[in-house]
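**Student:** fold the following and give me the result.
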Amino acid sequence: MRKLLLITMAVVATAGCGAQPARPAHDSAFVRVDQVGYALDEPKHGFLLSTADPGDKAFTVVDGSGQVVLTGRVGRPTGRWNAEFRSVRLLDFSALKAAGSYRVLVDGTAPSPVFKVAAAGDLFGPLVAANVRFFQAQRDGADIVPSVMNRKPAHPSETHATVYELPRYDEAGTELQGTLRPVGDPVDVSGGWFDAGDFLKFTHTAAYSTTALLLAERDTAASPELAAEARHGMRWLDKMWDDRSGTLYAQVGIGVGNSGIRSDHDVWRLPEDDTISRPVFRAADPGQPISPNLAGKVVAAFALAAQTASGDEARRWLDKAAKLYAQADVQHTGELTTAYPHVFYPESSWQDDMEFAAIELALAGRKLGDTRAEDWIRDADRWAAAYLASDSRGTLGVGDVSALAHADLIPLASDGMKDDLVRDLARQLGGAREDPFGAGASYTEFDAVPHTFGLAATARLFHRVTGRDDYSAFGVAQRNWALGANAWGTSFVIGAGTVFPRCPEHQVANLTGGQLTGAAVNGPNKADKFAELNKFPTMRACSAPDFARFDGQGARYVDDVGAWQSVEPADDFTATALLYFALAG
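**Tutor:** Residues are numbered from 1 along each chain as shown. From the prediction side, this is the model:
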């Protein structure tokens, strides 16, 4: 169900869910806007998507009572979308400065969805709260939130779970080889968050998600609920690191089995009904060097916990972080440890994780008066240089945390390194990509939506560390795209706006019929990835609009409970969105 692997289980091809109403003959143009809204002082752009060029046409903006508050002309063409929609034109209503609720009207088209103009905190604070609610829905174990999705305690046996030797897979990562063999004593891996629409738990994604929540807590006016959710993530990460034996556990559950081993992905059920005995896998043998990407992410989480805690608790987190940091395999070559199989979360960079670990250790050390702080700053400088010299530089997301590391290191970096780090942030934001809707991420690669939120968050970080607005408008445009100003006219965050995913591939949401408020989904994906959608006998039927007419640029978007390729939510997706909303609010 998750990410880059087409799970080879009971799947059937399907065109969507539910019969669609006949299309009116006049719907030849559509207005696309950010359906959540626009901050008072930021650019306000939408798009007119048309089957033919509309020429010099007027548009109006009306308030909640239908009164015209702004008029303008349809702006410049931004490109062709697909064979039917041959024109995309910019709509600029930045002159709209008064708080309120509005629609954009263009003659011959339906009104745009309602959007707000408001102070940034009023717009994005509720979205952060919604993202936190998603993490509450993802909780595993006994410490659940019953008011969210009618959740019930799950997997009680994971207080004494069995550890197994690492699984072996075929080259494609689609079939488990042989059997699983237990090793070592039982461990307590209960709690934490489910990774996505299934019930697997990965240290890799949990550490990334927890750092995002902790950064939001540290750097913004975080709510008690956000802080509590960050602590929930930390409690589980603490279980996954055995400080005494030097063992980091990497995964709970298995997503790809074989004819003799049932996997988490072989059944569609509620977690409280789960009868699968789920294996636990280590990242490395006790006391042995640990894959530096995974070690770095967990160290950063521990060190951020030390920065947001106080007294003895802060010191305990720092000591754990320092011990794990020393065990990172900084001579690493070959495949990095993310998940089993690795194709679930392919990752190629690790120097960024070590830079992130070192700078967060340094900040925690300075706060607590630890004499190692200056050494950690020098380490961060060194790892930053190694990242900049590498050939695996990406943009913000679970696979590349360099933007987070750079933003914290720049104020403390050596003089020569400061400028290099600022340039690398600019590199992440300035990639040449022409898109009619201004999207910076690729539609035909996995994780388009979280990459988009990563770009938006990086633009905020760039402004914070430089005081410059070089990429501020670009960052706003990325958020606009993710929240509705795109070809499909949908927000990719559940509950945000008017049109959003109605049939996410999420077992709890599907089986309880609840709305998974605050969840960010993958969004559009390469069209040929949709040849098969997941189907289980226990899946509940779900009806959502058919977006096929708006597919283009080699991409599709399908809102179907079996469409893991586009509407499966995930912790790392939502954590990146949360971090952006917190920084923007």
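**Student:** just the strands in the stretch 201-350 of the chain please.
**Tutor:** Remark: strands assigned in the stretch 201-350 of the chain by DSSP state E, counting those that start in this stretch are 201-202, 241-242, 247-252, 280-282.
**Student:** and Asp560, which of those is closest to it?
**Tutor:** strand 201-202 (24.9 Å; C-beta to C-beta). Using the backbone N, CA and C atoms, a C-beta is placed for each residue, glycine as well.
**Student:** Arg423 - how many residues pack around it?
**Tutor:** When neighbours are defined as other C-beta atoms under 10 Å, Arg423 has 12 of them.
**Student:** what's it sitting at in phi/psi?
**Tutor:** Backbone torsions for Arg423, taken as degrees, to the nearest 10, come to phi -60, psi -40.
**Student:** kindly provide the distance from it to Glu347.
**Tutor:** Arg423 sits 23 Å away from Glu347, going by C-beta to C-beta, to the nearest Å.
**Student:** ok, for Ala364, nearest residue in space, not its chain neighbours?
**Tutor:** Ala306 (3.9 Å; C-beta to C-beta, 6 or more residues apart in numbering).
**Student:** next one: that neighbour relative to Asn293, how far apart?
**Tutor:** Distance from Ala306 to Asn293, by C-beta to C-beta: 21 Å.
**Student:** JSON lines for the strands of the stretch 201-350 of the chain, including distance to Ser263 and mean neighbour count?
**Tutor:** Supplementary listing: these in JSON lines, determined by distance: least, C-beta to C-beta, whole Å; neighbours: other C-beta atoms under 10 Å:
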{"stretch": "strand 201-202", "distance to Ser263": "14", "mean neighbour count": "30"}
{"stretch": "strand 241-242", "distance to Ser263": "25", "mean neighbour count": "20"}
{"stretch": "strand 247-252", "distance to Ser263": "12", "mean neighbour count": "24"}
{"stretch": "strand 280-282", "distance to Ser263": "13", "mean neighbour count": "22"}
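**Student:** and the ones you listed: which comes nearest Gly64?
**Tutor:** That would be strand 201-202 among these, by C-beta to C-beta, at 44.7 Å.
**Student:** gap between that closest one and the chain center?
**Tutor:** 15 Å (C-alpha atoms, centre = their mean, to the nearest Å).
**Student:** cool, stretch 493-500 as well?
**Tutor:** 16 Å.
**Student:** how long is that stretch from one end to the other?
**Tutor:** Its first and final residues considered, stretch 493-500 spans 6 Å by C-alpha to C-alpha, to the nearest Å.
**Student:** can you give me the buried ones in it?
**Tutor:** Residues 493-497, 499-500 are the ones in stretch 493-500 that count as buried (16 or more other C-beta atoms under 10 Å).
**Student:** taking these one by one, which sit in helices?
**Tutor:** Using DSSP state H, no member of the buried residues of stretch 493-500 falls in helices.
**Student:** burial count for the residue lying closest to Ala284 once chain neighbours are set aside?
**Tutor:** In this structure, Ala284 finds its nearest non-sequential neighbour in Ile290, 4.9 Å apart by C-beta to C-beta, 6+ apart. The local packing of Ile290 (other C-beta under 10 Å) involves 26 other residues.
**Student:** surely Ile290 touches Asp329?
**Tutor:** Yes: using C-beta atoms under 8 Å, Ile290 is in contact with Asp329, at 5.9 Å.
**Student:** quick one: closest of the strands of the stretch 201-350 of the chain to Arg181.
**Tutor:** Nearest of these (C-beta to C-beta): strand 280-282, 11.6 Å.
**Student:** the closest one - which strands sit beside it in the sheet, and in what orientation?
**Tutor:** Strand 280-282 has the following sheet partners, assigned by DSSP bridges: strand 163-164 (parallel), strand 247-252 (antiparallel).
**Student:** nearest to Phe124, of those strands?
**Tutor:** Nearest to Phe124, of the strands paired with strand 280-282 and by C-beta to C-beta, is strand 247-252 at 32.8 Å.
**Student:** pull the residues that contact the closest one.
**Tutor:** Identification of contacts with strand 247-252 by C-beta atoms under 8 Å, 6 or more residues apart in numbering yields 158, 161, 163, 187, 189, 192, 200-204, 239-242, 278-287, 290, 294-295, 298, 324, 337, 339-340.
**Student:** give me the buried entries from those.
**Tutor:** Buried members of these, scored by 16+ other C-beta under 10 Å, are 158, 161, 163, 187, 189, 192, 200-204, 239-241, 278-284, 290, 294-295, 298, 324, 337, 339-340.
**Student:** ranges for the helices of the stretch 201-350 of the chain?
**Tutor:** 203-219, 224-240, 292-308, 311-326 (DSSP state H, counting those that start in this stretch).
**Student:** go on, the stretch 351-500 of the chain?
**Tutor:** 351-368, 373-388, 402-409, 415-429, 448-466, 472-482.
**Student:** now tabulate the ones you listed in JSON lines and tack on mean pLDDT.
**Tutor:** JSON lines is the format used below for those (pLDDT from 0 to 100):
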{"stretch": "helix 351-368", "mean pLDDT": "98"}
{"stretch": "helix 373-388", "mean pLDDT": "98"}
{"stretch": "helix 402-409", "mean pLDDT": "98"}
{"stretch": "helix 415-429", "mean pLDDT": "96"}
{"stretch": "helix 448-466", "mean pLDDT": "98"}
{"stretch": "helix 472-482", "mean pLDDT": "98"}
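**Student:** between these, which gets nearest to Asp274?
**Tutor:** Ranking those by proximity to Asp274 (C-beta to C-beta) places helix 448-466 first, at 26.9 Å.
**Student:** how about Trp367: what's its closest non-neighbour residue?
**Tutor:** Heads up, residue 367 is Lys, not Trp. Gln307 (5.9 Å).
**Student:** enumerate every residue touching that neighbour.
**Tutor:** Contacts of Gln307 (C-beta under 8 Å, 6+ apart): 214, 218, 314, 360, 363-364, 367.
**Student:** gap between it and Glu360?
**Tutor:** Gln307 is 7 Å from Glu360, by C-beta to C-beta.
**Student:** which stretches of the protein have low pLDDT?
**Tutor:** Applying pLDDT under 70 to the chain flags residues 1-26, 432.
**Student:** got the strands paired with strand 280-282 as JSON lines, with distance to Met539 columns?
**Tutor:** Output for the strands paired with strand 280-282, formatted as JSON lines (distance: least, C-beta to C-beta, whole Å):
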{"stretch": "strand 163-164", "distance to Met539": "29"}
{"stretch": "strand 247-252", "distance to Met539": "24"}
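**Student:** so which of these comes closest to Leu176?
**Tutor:** The nearest among these, by C-beta to C-beta, is strand 163-164 at 11.3 Å.
**Student:** ends of stretch 110-120, how far apart?
**Tutor:** 28 Å.
**Student:** which residues does the spatially closest residue to Leu248 that is not a sequence neighbour contact?
**Tutor:** Computed as C-beta to C-beta, 6+ apart, the closest residue to Leu248 that is not its neighbour in sequence is Ala283, at 4.3 Å. Contact partners of Ala283, counting by C-beta under 8 Å, 6+ apart, are 203, 248-250, 290-291, 294-295, 337.
**Student:** show me the helices in the stretch 1-150 of the chain, by range?
**Tutor:** So, for the stretch 1-150 of the chain - with DSSP H, counting those that start in this stretch - the helices run 120-137.
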